[in-house]
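**Q** Structural data only, the sequence is not supplied:
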């Protein structure tokens, strides 16, 4: 048995820089002073990052900083601030049945590169929470990250410098289906919680998640929209999920004990 005191990343992370994130955002470090996890919150169609920034802070997840992003595109012809993650309406104002999320995925790719690079966040400590369109974009971003990791690992094998495939920490999507039917050489190892209302998801939606991700939990509730702030019952499965996937850094002066590890 060996006692290790190694710390994989700084306890307090640098704040994201506006010069590296091409949209407005609200960032708050953890209330307890230890930035072990980062929860990225993505709002739904027609909303902004402001209420989701408030939500992130109100959750008070231990050792968890929050980052609420604003979708990059304004919904046209509206008199109020309303944003979309990708073009969602045709010229007649009807919803596009097969939207192209590329603009949002390019944005999130840059955000993740900045967070894992300059800000020092390990990928497995970055967690997504998205509502509706934001949930769909978050799910596709997790798959996009995983595909790139698989590619990098494959390239490293070819050069005898094998690197591990690093999944993101977790995904909670509320009423947000995948926009694609994933085809992967290996299922994404990011744990997923799909929260939805009764009769809300189309046939095959959960099959698509289980095709793309190796660990998917399905939670169905009555009602509509986001989990109600006043409903402990609706938030309980989400909070339980986070208790299983969020990291926990030992307090200063304590050591993590591992067995069978070379010092």
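**A** Cool, the structure landed. Fair warning: this is a prediction, and the values are worked out from it, not measured in the lab.
**Q** excluding its backbone neighbours, what's nearest residue 116?
**A** Nearest non-adjacent residue to residue 116, counting by CB to CB, 6 or more residues apart in numbering: residue 123, 5.7 Å away. C-beta here means a position set from N, CA and C on the backbone, and glycine is covered the same way.
**Q** Which other helices and strands does the host helix or strand of residue 130 contact?
**A** Using DSSP states H and E, residue 130 maps to strand 126-131. Secondary-structure packing of strand 126-131 (3 or more CB pairs under 8 Å, 6 or more residues apart in numbering; DSSP states H and E): strand 37-42, helix 102-116, helix 133-158, strand 170-174.
**Q** Spit out the contact partners of residue 22.
**A** 72, 107, 110 (CB atoms under 8 Å, 6 or more residues apart in numbering).
**Q** got a list of what the residue nearest to residue 116 touches?
**A** 112, 116, 145, 166-169.
**Q** ranking the residues you listed by neighbours, who comes first?
**A** residue 168 (26 neighbours; other CB atoms under 10 Å).
**Q** Just to be sure, that one is in a helix?
**A** No: assessed with DSSP: H, G, I helix; E, B strand; the rest coil, residue 168 is coil; it does not lie in a helix.
**Q** is residue 47 in a bridge, and if so with what?
**A** Assessed by DSSP bridges, residue 47 has beta-bridge partners residue 83.
**Q** wait, it sits on residue 81?
**A** No: if you go by CB atoms under 8 Å, residue 47 and residue 81 don't touch, sitting 9.0 Å apart.
**Q** okay, those two: which has more neighbours?
**A** residue 47 (20 against 12).
**Q** contacting residues for that one?
**A** 71, 82-83, 131.
**Q** do residue 99 as well
**A** 86-88, 179 are the contacts of residue 99 under CB under 8 Å, 6+ apart.
**Q** Switch those over to a markdown table; also include neighbour count.
**A** Below are these laid out as a markdown table (neighbours: other CB atoms under 10 Å):
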| residue | neighbour count |
| --- | --- |
| 86 | 21 |
| 87 | 15 |
| 88 | 16 |
| 179 | 18 |
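**Q** Tell me which two of those sit farthest apart.
**A** Farthest pair in these (CB to CB) is 87 and 179. Separation: 12.6 Å.
**Q** I'd guessed residue 200 sits against residue 175; true?
**A** Yes: counting by CB under 8 Å, residue 200 touches residue 175, with 5.9 Å between them.
**Q** These two: which has the busier surroundings?
**A** Between residue 200 and residue 175, residue 175 has the larger neighbour count (other CB under 10 Å), namely 21 against 15.
**Q** so the more buried one touches residue 132, yeah?
**A** Yes: under the criterion of CB under 8 Å, residue 175 makes contact with residue 132 at 5.0 Å.
**Q** can you list residues touching both of the two?
**A** Common neighbours of residue 175 and residue 132 (CB under 8 Å, 6+ apart) are residue 44.
**Q** what residue ranges in the stretch 101-250 of the chain are flagged as low confidence?
**A** 158-162 (pLDDT under 70).
**Q** Strands of the chain, start to end?
**A** 2-4, 25-28, 37-42, 64-69, 73-74, 83-84, 126-131, 170-174, 192-197, 216-221, 256-258 (DSSP state E).
**Q** partner strands of the second one, parallel or antiparallel?
**A** Neighbouring strands of strand 25-28 in its sheet, by DSSP bridges, are strand 64-69 (antiparallel).
**Q** which parts of the strand it pairs with are buried?
**A** Within strand 64-69, the residues that qualify as buried are 64-69, counting by 16 or more other CB atoms under 10 Å.
**Q** what's the closest of those to residue 138?
**A** Taking CB to CB as the measure, residue 138 lies nearest residue 69 of the buried residues of strand 64-69, at 10.0 Å.
**Q** Other residues contacting the strand holding residue 130?
**A** Contacts of strand 126-131 (CB under 8 Å, 6+ apart): 37-44, 47, 52, 56, 64, 112, 115-116, 136-139, 141-142, 168-176, 226, 242, 245-246.
**Q** please redo it, this time with the cut-off set to 7 Å
**A** 37-44, 115, 137-138, 142, 168-176, 226, 245-246 (CB atoms under 7 Å, 6 or more residues apart in numbering).
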